[in-house]
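Chemist: Dropping a prediction and its sequence here:
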Amino acid sequence: MKSIVVGTAGHIDHGKTLLVKALTGTDADRWEQEKRRGITMDIGFAKLDLPEAVIHFVDLPGHESFVRNMVAGATGIDVCLLVVAADESIMQQTREHVEILKLLGVKRGVVALNKIDLVDEETRELVRMEVEEFLEAQGFGEMKVHAVSAKTGEGVPELIEALSEAAGESLRSGEPRPFRMPIDRVFTVKGFGTVVTGTCIDGGVSVGESVEIYPDGAKSRVRGLQVFGETVEEVSAGMRVAMNIPDLAPYDLERGDLAGEPGALWPARFLDVKLEMLVSALHPLKHGLSCRLHVHTSETNAHVILEGRKTLAPGEEDICQLVLEAPVAAWPGDRFILRLPSPVRTIGGGEVLLPAWRRARWRRRRDRSVAEALRAGAVLEAMLKEAGPTGLTPEEVRGRLGFGAAEIPKVSSLVAWGEGTWLLDAGEAERWLERTASWLKERIAKAPSNWVSGRELVERWKVVLGEKKGEAMLKAAAQAGRIEMEGDRIKPAGHRVALNEEQKRAWDRIVEALDDDGWSFGSVEELKEEFGAVSGEVLPLMVEDGLLIRFGGRFFCTASTLERLKALLTEWKQREEEFSIPDFKDRLGTTRKYAMPLLAYLDDLKWTRRTETGRKILLPLGEKGTG
């Protein structure tokens, strides 16, 4: 059965807590001071079982001094229950609560016109009309007003029916996400250790699993779980949860922390957001203004960095960045509230668009492109543009956006290299391809060659990219047709060294000398002496082309000679499995100078294996080696 969070809101002394008790039988005032003073100072909780869902009530404090607790409690609310006293109608905290709920994205709700036992029928209808006009002006025109009396019970069954209907319409849906639970209470239980409570807003967790506490990163296993005093083995989104995490001390935790799946979040000191100023804000918000930021149950100071303007007037909205005093663990889509510290009042709020990794300089071209992507709703594209040439790994994407590589949407400006090990903006990907091709051309021009080692380029950019990204870059450049890749060797697409006349003559004479029907071998020194120093320039090119085989570091034979040697060994194996070094020298008509390095090369190819008396021929040839 689904769980739905219903948050009560309204002015002080309009009967929210008493109404919750009438609905559930639970007194949501937890503290003795609350009972003595008759007001709700902190968040209270209660539960109501319905056929469609289990409703978890969050009773939010109404007094202005406790609005910060109200904002914390509003985290994860699916439906609001707005309570308005029939004998007082709309009051200041009523308006502020509705504005906060609107900023937090709460779209469904029910209005309880409470204390109808204190007014006559005419007054009741006048207040109803006033409430309906107020809701229409605030964009909550679909919320129905239900007359009730928490004291006498009149209208309570009808209110439960209305809440049941709203709960049915608000059942959570969408793709599963990693577990998240903002913490609103921390305490200890003798014999169990640390316990934290909160509303599970995403995913779920089971007993025995591990959780991470954000933003500090402490970890603990889950020893036990309770939902309204009932022990359970697992919890899911929408439930009010008490979680026993014995591996952490209570002083290591505080209200405002967030318990989540390990590695699933990325605490940020910068948040790119869409900020909406309340119409009721008294003054325009100035660039650089310091405010109190409320996200989930956390609260911290934040400086507002507007994009392309100096002020944001009441009723306006725009992209901006919040520079935070302390890191906050948030995902795109999370809602926030901004309040002025003095005089204390709510001035706006909105939606987190991107946990940013650096402070935005909106005049820079890259940061302007980030803002443009955010305005277009392309959050992943904005994130990749912000990352620039270093790109992102799937793990970084998951922590900042709340989904893994398998859920990364297909967007036109996304390039995934190296089987998903590297994600890049398309513009940055193109620049890396150009850098790769340009470096390769310059490298080959300095030391004429058909091929160079790809490892050389990976090592060159390792400090910037890391090894995996560097290897992915080479593969992507080859797939894009910018370079040719053969094993570890790379060269510009279509490249071939142009030989001068002297080099061509040396090339042809070396081929003629080594490519005969016999067993011809030569060393670097011998070939230079016979065909000139220019031989040293063409020999590496002939090896790269596969025409010559280098063995022993300084000796050469043709590729066709090696193939004939393979056939010889195959024939030899039919008569005997082993041969001695003298037999090998005699059969090839060569000297020990060439025979020993050649045999070592055959061992490397796994065509032969060294024995006490000589070599054993391995068959079938080439099955394990390169031949």
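Modeler: Perfect, thanks for sending it.

Chemist: which intervals of the stretch 301-450 of the chain have sub-threshold pLDDT?
Modeler: Applying pLDDT under 70 to the stretch 301-450 of the chain flags the ranges 404-420, 447-448.

Chemist: The same query, at a cut-off of 90, please.
Modeler: 308, 341-346, 357, 362-363, 366, 377-381, 388-430, 436-437, 439-450 (pLDDT under 90).

Chemist: Would you state the helices of it in chain order?
Modeler: Assignment of helices within the stretch 301-450 of the chain using DSSP state H, counting those that start in this stretch yields the ranges 365-375, 379-387, 394-401, 426-446.

Chemist: now, of the ones you listed, which is deepest in the fold?
Modeler: Stretch with highest mean neighbour count among these: helix 379-387 (a mean of 23; mean count of other CB atoms under 10 Å). C-beta here means a position set from N, CA and C on the backbone, and glycine is covered the same way.

Chemist: for that one, packing partners?
Modeler: With contacts taken as 3 or more CB pairs under 8 Å, 6 or more residues apart in numbering; DSSP states H and E, helix 379-387 sits against strand 344-356, helix 365-375, helix 394-401, strand 414-417, strand 422-425.

Chemist: run the last query once more with 7 Å
Modeler: Judged by 3 or more CB pairs under 7 Å, 6 or more residues apart in numbering; DSSP states H and E, helix 379-387 is in contact with strand 344-356, helix 365-375, helix 394-401, strand 422-425.

Chemist: re earlier: okay if I get the helices of the stretch 301-450 of the chain as TSV plus distance to Leu23?
Modeler: Output for the helices of the stretch 301-450 of the chain, formatted as TSV (distance: least, CB to CB, whole Å):
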stretch	distance to Leu23
helix 365-375	41
helix 379-387	39
helix 394-401	38
helix 426-446	54
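
Chemist: Those: which one's closest to Val205?
Modeler: For Val205, the closest of the helices of the stretch 301-450 of the chain is helix 394-401, at 17.1 Å, according to CB to CB.

Chemist: Listing request: residues of the stretch 151-300 of the chain with sub-threshold pLDDT.
Modeler: For the stretch 151-300 of the chain, the stretches with pLDDT under 90 are 160-177, 184-185, 190-191, 198-199, 201-202, 227-230, 237-240, 279-282, 297.

Chemist: Could you pull out the strands in it for me?
Modeler: Ranges of strands in the stretch 151-300 of the chain, per DSSP state E, counting those that start in this stretch, are 180-189, 193-199, 204-206, 210-214, 218-221, 224-227, 230-232, 234-236, 240-244, 258-260, 268-277, 285-286, 290-295, 298-306.

Chemist: Tell me the strands beside the shortest one, with direction?
Modeler: Meaning strand 285-286. Here strand 285-286 has these sheet partners by DSSP bridges: strand 311-312 (antiparallel).

Chemist: contact partners of the strand it pairs with?
Modeler: Leu275, Met277, Pro284, Leu285, Lys286, His287, Leu306, Asp318 (CB atoms under 7 Å, 6 or more residues apart in numbering).

Chemist: and if you look at stretch 149-163?
Modeler: Contact with stretch 149-163 is made by 6, 15, 18-19, 22-23, 55, 81, 110, 112, 114-117, 144, 146-148, as judged by CB under 7 Å, 6+ apart.

Chemist: 6 Å - rerun?
Modeler: Applying CB atoms under 6 Å, 6 or more residues apart in numbering, the set of residues contacting stretch 149-163 from outside is Gly15, Leu18, Leu19, Ala22, Val110, Ala112, Asn114, Ile116, Asp117, His146, Ala147, Val148.

Chemist: try stretch 555-572
Modeler: By CB under 6 Å, 6+ apart, stretch 555-572 touches 514-515, 521-523, 546, 548-550, 597, 617, 621, 627.

Chemist: Lowest-confidence entry in these?
Modeler: Confidence by pLDDT is poorest for Gly627 among the contacts of stretch 555-572, given 39.

Chemist: Point out where the stretch 451-600 of the chain drops to low pLDDT.
Modeler: Residue ranges of the stretch 451-600 of the chain with pLDDT under 90: 451-454, 456-458, 460-519, 529-547, 570-571, 573-577.

Chemist: and Val464, what does it touch?
Modeler: If you count contacts by CB under 6 Å, 6+ apart, Val464 has none.

Chemist: Is it within a helix or a strand, and which one?
Modeler: Using DSSP states H and E, Val464 maps to helix 462-465.

Chemist: List the buried residues for that helix?
Modeler: Residues of helix 462-465 classed as buried: Leu465 (neighbour count, 16 or more other CB atoms under 10 Å).

Chemist: Next secondary structure after it?
Modeler: Taking DSSP H and E, what comes next after helix 462-465 is helix 467-479.

Chemist: could you point out which element follows that following helix?
Modeler: Heading C-terminal from helix 467-479, the first helix or strand you meet, by DSSP H and E, is strand 483-486.
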